[in-house]
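A.B. asks: Structure for this input, please:
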Amino acid sequence: MVKIRKPKKENKEVIPVDNPEVIQEGISKAEEFITKNKNLLYLVTGIILVLFISFTAFNFIQDSQNSEAQEEMFQAVYYFEQDSLVKALNGDGNNYGFLEIIDEYGFSEAANLSHYYAGVSYLKLGNYNNAISYLNSFSSSDLLLQARAYSLIGDSYVELQDYESAIKYLKLASSENPNEYFTPKYLTKLALVYEKINDLNSALDCYEQIIDDFKDSPEYQISLKNKSRLEGLI
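C.D. replies: Below you'll find the model as predicted:
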């Protein structure tokens with residue numbers, strides 16, 4: 001005979017929410033906690049409120065500055081493209097240059113981009129220390145622009161004959177979002193600096209990376225020749 005099993009009863013915990021004494025006890029404990037910790041609660045609430053107001057105000061200021069700074073930046077970029085670099089940096093008396101945009105609109109994305117333009121301008125003018133300073137103050141999530149900034153810092157250090165620092169930034173440039181168009185150029189620059197300090201094995205590694213990873217780049221054939229040359233020297 002098949003036994004029919006009775007379904008098991010679920011073991012449910014009964015919470016006496018309707019018990020006035022339990023409710024009153026919970027309220028009393030909550031009141032006691034608030035009384036003992038009211039200063040702490042006021043402090044935490046105040047901090048949260050200040051942070052919220054600060055965040056809202058910062059976003060408002062940033063949006064406002066971005067709009068104004070973009071308009072001011074138009075003329076500076078025009079001077080930059082015309083190689084009027086002093087005017088691009090300092091303005092023309094009526095329009096702001098990149099340095100003034102950085103000072104006046106420090107929270108804006110335009111000010112961040114002005115650091116890049118200012119760094120490139122100083123590099124072209126031969127003021128390599130300022131070029132390094134402004135380019136280092138620039139940051140971007142752009143797939144190409146950040147690597148370009150690293151490369152230009154490397155170029156500045158090469159001009160200052162600080163080859164170790166140049167290597168550091170050219171390595172950053174060549175590893176930042178690698179691509180077929182610019183990474184082989186950065187690797188070639190890096191190889192030349194290694195050759196400058198007679199680290200031929202590291203230079204050879206750069207040329208081999210171009211040969212292995214960037215066969216369609218203009219630097220491919222040059223790297224084949226340089227690899228053969230260095231292997232002969234090594």
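A.B. asks: Break the protein down into its structural domains.
C.D. replies: Following automatic domain parsing, one finds the domains of the chain at 52-139, 143-234.
A.B. asks: Format the ones you listed as a markdown table; extra columns: mean neighbour count and mean pLDDT.
C.D. replies: Placement of C-beta: from N, CA and C, glycine included. Output for the domains of the chain, formatted as a markdown table (neighbours: other C-beta atoms under 10 Å; pLDDT from 0 to 100):
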| stretch | mean neighbour count | mean pLDDT |
| --- | --- | --- |
| domain 52-139 | 18 | 88 |
| domain 143-234 | 18 | 96 |
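A.B. asks: The protein: helices as residue ranges?
C.D. replies: Along the chain, the segments classed as helices by DSSP state H run 20-36, 38-81, 85-90, 98-104, 109-125, 128-136, 145-159, 163-175, 183-196, 200-213, 219-233.
A.B. asks: So which residues make contact with the fifth one?
C.D. replies: The set of residues external to helix 109-125 that reach it, using C-beta atoms under 8 Å, 6 or more residues apart in numbering, is 65-66, 69-70, 72-73, 76-77, 80, 83, 85-86, 88-89, 98-99, 101-102, 105, 128, 130-140, 145, 149, 152-153, 155-156.
A.B. asks: export it as PDB, just CAs?
C.D. replies: Taking Å, rounded to 0.1, in the frame of the first residue of the first chain, the C-alpha atoms of helix 109-125 are listed here in PDB:
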ATOM      1  CA  GLU A 109      36.900  70.900 -19.600                       C
ATOM      2  CA  ALA A 110      38.100  73.800 -21.700                       C
ATOM      3  CA  ALA A 111      40.700  74.600 -19.100                       C
ATOM      4  CA  ASN A 112      41.800  71.000 -19.100                       C
ATOM      5  CA  LEU A 113      42.200  71.100 -22.900                       C
ATOM      6  CA  SER A 114      43.900  74.500 -22.600                       C
ATOM      7  CA  HIS A 115      46.600  72.700 -20.600                       C
ATOM      8  CA  TYR A 116      47.300  70.500 -23.600                       C
ATOM      9  CA  TYR A 117      47.400  73.400 -26.100                       C
ATOM     10  CA  ALA A 118      49.600  75.500 -23.800                       C
ATOM     11  CA  GLY A 119      52.000  72.600 -23.400                       C
ATOM     12  CA  VAL A 120      52.300  72.100 -27.200                       C
ATOM     13  CA  SER A 121      52.700  75.900 -27.600                       C
ATOM     14  CA  TYR A 122      55.600  76.000 -25.100                       C
ATOM     15  CA  LEU A 123      57.200  72.900 -26.800                       C
ATOM     16  CA  LYS A 124      57.100  74.700 -30.100                       C
ATOM     17  CA  LEU A 125      58.600  77.800 -28.500                       C
END
